[in-house]
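# after the sequence you'll find the predicted model.
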Amino acid sequence: MPSPSSCKAPLADQPPPSFGIYVHWPFCAAKCPYCDFNSHVSAGIDHDAWRAAYRAEIARLATELPDRVVSTIFFGGGTPSLMEPATVAQVIDDIRAGWRTTNDLEITLEANPTSVEKARFQDLRAAGVNRVSLGLQALDDDDLKRLGRLHSVDEGLAALDTALTVFGRASFDLIYARQDQSPETWERELRRALSFGTSHLSLYQLTIEPGTAFGARHAAGGLSGLPDQDRAADMFDITQSLTETAGLPAYETSNHARPGEESRHNMIYWTGGDYAGIGPGAHGRLTIGGQRFATETRRAPGAWLEDVRSGSGETPRALLSKEEEILEAFVMGLRLRDGISADRLQSYPIEAEIYKKINKLAEDGWLERDQTALRLTPKGRPLLDAILREIFA
């Protein structure tokens, strides 16, 4: 582990970090009660207007950042599988025209089982999508209804079969620590999920977020049967054990993959790379002239379209201070099993007081550090938020 005296600020002449493009489609067929993403239900969508807006933003950013090499594109939402395949194709074509791209360009699209239909998936594959992330969320029909999902277990598994056939690379999401779920029932469900043979899984513990339907229900005394901290911790331990045994260890707090099958786009976020955010509510991080900027867009779909027509879909960029960069590096990097690389730590002017706290947490068994990285120990992984509070209190 480097000492504080060896830390230095990033050099302006270093090559720019890896670069990804995030495209946000804000519309869904229905709003799930647990979801705090920027998603909206709309009776009518002007697909021509959205296609034109995406094209305008890509052209603007490509003119400003011409020397980047795009390694990943990610269509998130919302439910991007509700986009017209022609729009997806146009976005991909414009990105390829605006920037150089890597030979192994990863293009991921999120989908829900209710929008899956083999002809549409084939059209999306023809457009260039080569990886899909499917929102199954549960393998129990009653729990799917509680979660506000519009599909059944059978429909979800049929969608997964279609995705694997058409794309090859397919991941799916499950939520655990649901109402009335026990560690035993979660273990059975996860064993079944692991039997499907996908190379990537995203396994999220249910969190009750303010501003969601579940948040309001919970505040009013509803949502009975949620597991206590001990039961939720047991489910986390089961998740780590079963996925490790199956050859899909957790490479990030909630994401599991066979070696080499990690989401390369999400790795850009966690390792401090650059990415442009396009669409309502999309965030980005851009390193320009040795300085790192945070970008945002307005969340309301109509407001974002108006902003694009006025010249830019972004709100004014914010220059991140070194303190903000360091905090973000820890918040994102410690989510990774491999942690924060020593080289990355050396690029920041980290105060000696922070290293004292890190050393104390390492002595107590929550962190481990060596010449390559700083990372959480297995004991520390479930307690990331508390560890971050301790370091940055």
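Cool, got the structure.
# contacts only, for residue 375.
If you count contacts by Cβ atoms under 8 Å, 6 or more residues apart in numbering, residue 375 has them with 334, 336-340, 367-369. (Each C-beta comes from the backbone N, C-alpha and C, glycine too.)
# same thing but at 6 Å, please
Residue 375 is in contact with 339, 368, counting by Cβ atoms under 6 Å, 6 or more residues apart in numbering.
# cool, and residue 34?
Residue 34 sits next to 212, 214 when contact means Cβ under 6 Å, 6+ apart.
# ok, now residue 333?
By Cβ under 6 Å, 6+ apart, the contact list for residue 333 reads residue 340.
# can you give me the mean pLDDT across stretch 110-127?
Here the mean pLDDT over stretch 110-127 is 87, rounded to a whole number.
# nope, stretch 171-189 is what I was after
If you average the pLDDT over stretch 171-189, you get 96.
# renumber starting at 8 from here on
Okay, using 8 as the starting number, the last item reads as stretch 178-196.
# how about the strands of the stretch 258-400 of the chain, start to end?
Assigned by DSSP state E, counting those that start in this stretch, the strands in the stretch 258-400 of the chain fall at 262-264, 281-285, 291-295, 298-302, 325-326, 347-348, 374-376, 380-383.
# now for the fifth one, which elements pack on it?
Right, strand 325-326. Secondary-structure packing of strand 325-326 (3 or more Cβ pairs under 6 Å, 6 or more residues apart in numbering; DSSP states H and E): strand 298-302.
# which secondary structure elements does the strand it packs on sit against?
Contact analysis of strand 298-302 by 3+ Cβ pairs under 6 Å, 6+ apart lists strand 325-326 as its packing neighbours.
# from the chain's centre, how far out does the strand it packs on sit?
With Cα atoms, centre = their mean, to the nearest Å as the basis, the distance from the averaged C-alpha position of strand 325-326 to the chain average is 22 Å.
# same check on stretch 343-355?
Its chain's average C-alpha position is 20 Å from that of stretch 343-355, according to Cα atoms, centre = their mean.
# residue 33 is in contact with residue 285, isn't it?
No - the pair residue 33 and residue 285 does not pass the contact test of Cβ atoms under 6 Å, sitting 11.6 Å apart.
# out of the strands of the stretch 258-400 of the chain, which comes closest to residue 52?
Residue 52 sits nearest to strand 281-285 of all the strands of the stretch 258-400 of the chain, at 16.9 Å, using Cβ to Cβ.
# ok, residues contacting the closest one?
Taking contacts as Cβ under 6 Å, 6+ apart, the residues outside strand 281-285 that touch it are 24, 26-30, 64, 68, 275, 290-294, 302.
# wait, what's in contact with residue 375?
382, 384.
# tally of neighbours for residue 69?
Applying other Cβ atoms under 10 Å, we find 18 residues neighbouring residue 69.
# domain parsing for this protein?
11-276, 330-400 (automatic domain parsing).
# switch those domains over to a markdown table; also include distance to residue 318.
Rendered in a markdown table, the data for the domains of the chain read as follows (distance: least, Cβ to Cβ, whole Å):
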| stretch | distance to residue 318 |
| --- | --- |
| domain 11-276 | 8 |
| domain 330-400 | 27 |
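# can you tell me which of those the model trusts least?
Comparing those by mean pLDDT, the weakest confidence falls on domain 11-276, with a mean of 90.
# select from the contacts of strand 281-285 the one having the most neighbours.
Busiest of those [other Cβ under 10 Å] is residue 28, holding 29 neighbours.
# surely that one meets residue 80?
Yes - counting by Cβ under 6 Å, residue 28 sits close enough to residue 80 to count as a contact (4.9 Å).
# and residue 112, helix, strand or coil?
When the structure is split into helix, strand and coil by DSSP: H, G, I helix; E, B strand; the rest coil, residue 112 lands in strand.
# so what's it up against?
Contacts for residue 112 were tallied using Cβ under 6 Å, 6+ apart; there are none.
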